[in-house]
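[1] 3D model of this:
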Amino acid sequence: GVAHTCGASDSTTAGYRFGGYAGAQPGSDVIDKILFSNDSRSVVSDTLEEGSYWLKATSNYDGRKGYISHGTSGEEVDKMDYTNDTVSALSTPFDNDGYGCYVTDNGVAMFCGGGYNLVGTIQKMVYATETITTVVDDAMPEGAYNMTGCENHESSV
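    Here you go, the predicted structure:
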């Protein structure tokens, strides 16, 4: 029973639901796992680094990792290793991705756009090095808040 949650998948075996608003601040730190083979749900024993809601997530399927924003609490990013369902904090966070959106260029990089304070900025994190750079300032024509994004997974692009 939570709202303002997010999800991601490891692409082949399971989907994950992260955090959410459970009726009190700061929010839930729980991670649910849904196995694709039989639709069974379980609670992952590791949790998010802190409870939050209005989270965003994406995955690097090649690296078997997921990346989850802390939503309302700002710039921190959790990294989930799908091979053993463990969570750690990304060492260098985005400038501010609270309420932003995440998308992946699988195997290459993830992108964070929008957000509470940097609504027009798009940043990129290279998966191999986990380094973050600003790609474009003022990329969006007007302020955006609690954004969503979509990914193009066409292999010929």
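[2] element containing Asn146, please.
    Asn146 is part of no helix or strand, with elements assigned from DSSP states H and E.
[3] can you read off the pLDDT for it?
    Asn146 is assigned 70 on the pLDDT scale.
[4] give me the neighbour count for it.
    Other residues near Asn146 come to 16 when the count uses other Cβ atoms under 10 Å. (Glycine included, C-beta is placed from N, CA and C.)
[5] so who does it touch?
    Residues in contact with Asn146 (Cβ atoms under 8 Å, 6 or more residues apart in numbering) are Trp54, Tyr99.
[6] look up phi and psi at the residue nearest the centre of the chain.
    Geometric centre of the chain, nearest residue: Ala57, 2.0 Å, by Cα atoms, centre = their mean. When read as degrees, to the nearest 10, the backbone of Ala57 gives phi -150, psi 160.
[7] what's the helix or strand for the nearest residue to it once chain neighbours are set aside?
    Excluding the flanking residues, the one nearest Ala57 by Cβ to Cβ, 6 or more residues apart in numbering is Ala8, at 4.0 Å. Ala8 is located in strand 6-9, with elements delineated by DSSP H and E.
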